[in-house]
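Q: What follows is a protein structure lacking sequence information:
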């Protein structure tokens with residue numbers, strides 16, 4: 001486990017000992033000034049770039065193991081790091097350093113008739129526990145966002161990315177230590193067994209908020225075993241609805257981008273819904289751009305594109321997050337039917353409508369319940385960096401306490417500061 005700055009540890013601390021260290025570090029980080037936190041992030045970014053060769057070497061072992069185990073190309077792509085991706089990780093830390101500090105921000109303030117002055121201000125959560133799968137970039141994103149929001153980051157990655165995560169965490173800890181900040185503001189669990197994951201999820205007295213980032217099996221494990229309060233980073237069964245009033249050229253560009261630009265991520269479109277009035281023309285327009293995408297559709301989609309191009313969609317197909325070059329297609333007779341279809345199968349992540357009809361757009365925004373509703377743009381924009389947050393810790397598909405991209409403000413809570421002059425309650 002990453003305890004000392006070096007990766008060689010004589011003794012392996014227990015999970016509870018790591019948790020206690022994270023809790024202790026969280027108290028000092030909560031009191032750190034903005035300049036202290038920013039200096040630590042900038043130092044970590046510099047060391048991450050300077051240590052790029054070390055990270056790539058560690059990552060190459062993870063990638064080789066993944067390929068030997070028969071992992072899919074999408075899994076390997078999410079895992080693989082190179083100089084460009086490491087520079088991007090460092091740039092993310094610098095962007096977070098440049099963002100306003102949410103800690104101490106006044107949310108609201110008022111004076112009561114009895115003279116009591118009440119202010120609601122943002123404060124850190126404390127220890128943020130993050131359990132995640134084969135995405136080593138999460139290590140730096142989580143570290144940066146947690147530190148800037150005044151929290152300690154307590155991370156438990158997967159076995160498949162362990163060497164990468166260890167290298168990244170070690171360099172970031174070096175950066176913290178270099179400027180005098182507690183290195184334990186970032187702690188990484190090295191034990192990647194299922195038992196350690198369950199123990200991690202149950203450290204209720206040491207972890208203040210748990211954020212899982214991974215597939216259905218991880219989310220199910222959290223729902224079954226966690227006693228720590230959690231925010232679910234859920235599936236992205238994202239729909240694009242092409243309305244009867246859509247600009248079909250714009251719709252074509254958006255659908256192709258939403259599906260193919262990076263199909264292995266949660267904000268990629270998984271289902272295409274098309275109004276019957278434009279289905280014949282639009283499906284023929286968009287099909288060449290979806291070359292290489294397996295289409296699974298209903299009878300009307302098959303009628304337009306043929307059985308050689310479209311297989312018959314099952315109920316499961318409409319409800320799945322494929323994370324691959326596969327897309328379900330449904331032709332509907334009205335916007336009401338489109339909304340019903342999206343409501344039935346949505347995972348609550350991101351839903352999009354393409355239309356020039358303002359009333360249709362407003363109806364879709366009003367009646368579809370998801371973290372993000374997009375009008376005339378790609379679902380791929382549901383992203384902390386694209387939203388201007390610098391980075392994100394995940395995309396929440398639940399409603400408490402955060403929803404959508406979780407960035408700095410979502411990693412804080414609030415407290416009330418009440419000032420009086422001797423008032424007592426009658």
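A: On my side now, so go ahead. All of these numbers come straight from a predicted model, not from anything done at the bench.
Q: Which stretches in the stretch 1-150 of the chain count as helices?
A: With DSSP state H, counting those that start in this stretch as the criterion, the stretch 1-150 of the chain has helices at 15-31, 34-50, 52-68, 73-79, 83-98, 137-148.
Q: whoops, the stretch 301-426 of the chain was the one
A: All helices of the stretch 301-426 of the chain, identified by DSSP H, counting those that start in this stretch, fall at 315-318, 335-345, 358-367.
Q: Out of these, which is the most enclosed?
A: Highest mean neighbour count of those: helix 335-345, a mean of 18 (counted as mean count of other C-beta atoms under 10 Å). In short, each C-beta sits where N, CA and C put it, glycine included.
Q: now it against helix 358-367, angle please.
A: On the basis of axes from the mean of the first three to the mean of the last three C-alpha atoms, to 10 degrees, helix 335-345 is oriented at 30 degrees to helix 358-367.
Q: Touching, residue 39 and residue 179? I think so.
A: Yes - at 4.5 Å, residue 39 and residue 179 qualify as touching, with contact defined as C-beta atoms under 8 Å.
Q: who's more crowded, these two?
A: Using other C-beta atoms under 10 Å, the more surrounded residue of residue 39 and residue 179 is residue 39, with 19 against 16.
Q: what does the worst-scoring helix or strand of the chain on mean pLDDT rub up against?
A: In the chain, the helix or strand scored least confidently by mean pLDDT, DSSP states H and E is helix 73-79, which has a mean of 87. By C-beta atoms under 8 Å, 6 or more residues apart in numbering, the residues outside helix 73-79 that reach it are 59, 62-63, 66-67, 71, 134-136, 160-161, 164, 263-264, 323-324.
Q: For the stretch 301-426 of the chain, which segments count as strands?
A: Using DSSP state E, counting those that start in this stretch, the strands of the stretch 301-426 of the chain run over residues 310-312, 326-332, 350-354, 372-375, 394-396, 404-406, 412-419.
Q: Would you point to the one among the ones you listed that's packed deepest?
A: Per stretch, and counting mean count of other C-beta under 10 Å, the top mean among the strands of the stretch 301-426 of the chain goes to strand 350-354, which has a mean of 30.
Q: how about low-confidence regions in the chain?
A: Flagging of the chain using pLDDT under 70 yields the residue ranges 1-11.
Q: what about 90?
A: 1-13, 72-75, 77-78, 133-135, 213-217, 232-235, 264-265, 384-385, 388-394, 398-401 (pLDDT under 90).
Q: follow-up on the earlier one: nearest to residue 44, out of the helices of the stretch 301-426 of the chain?
A: helix 358-367 (39.4 Å; C-beta to C-beta).
Q: so the closest one versus strand 350-354, what angle?
A: With the same axes, to 10 degrees defining the directions, helix 358-367 sits at 170 degrees from strand 350-354.
Q: What helices and strands are in contact with helix 358-367?
A: Here helix 358-367 touches helix 335-345, strand 350-354, strand 372-375, going by 3 or more C-beta pairs under 8 Å, 6 or more residues apart in numbering; DSSP states H and E.
Q: would you turn those into TSV with distance to residue 173?
A: Shown next, in TSV, are the helices and strands packed on helix 358-367 (distance: least, C-beta to C-beta, whole Å):
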stretch	distance to residue 173
helix 335-345	43
strand 350-354	34
strand 372-375	34
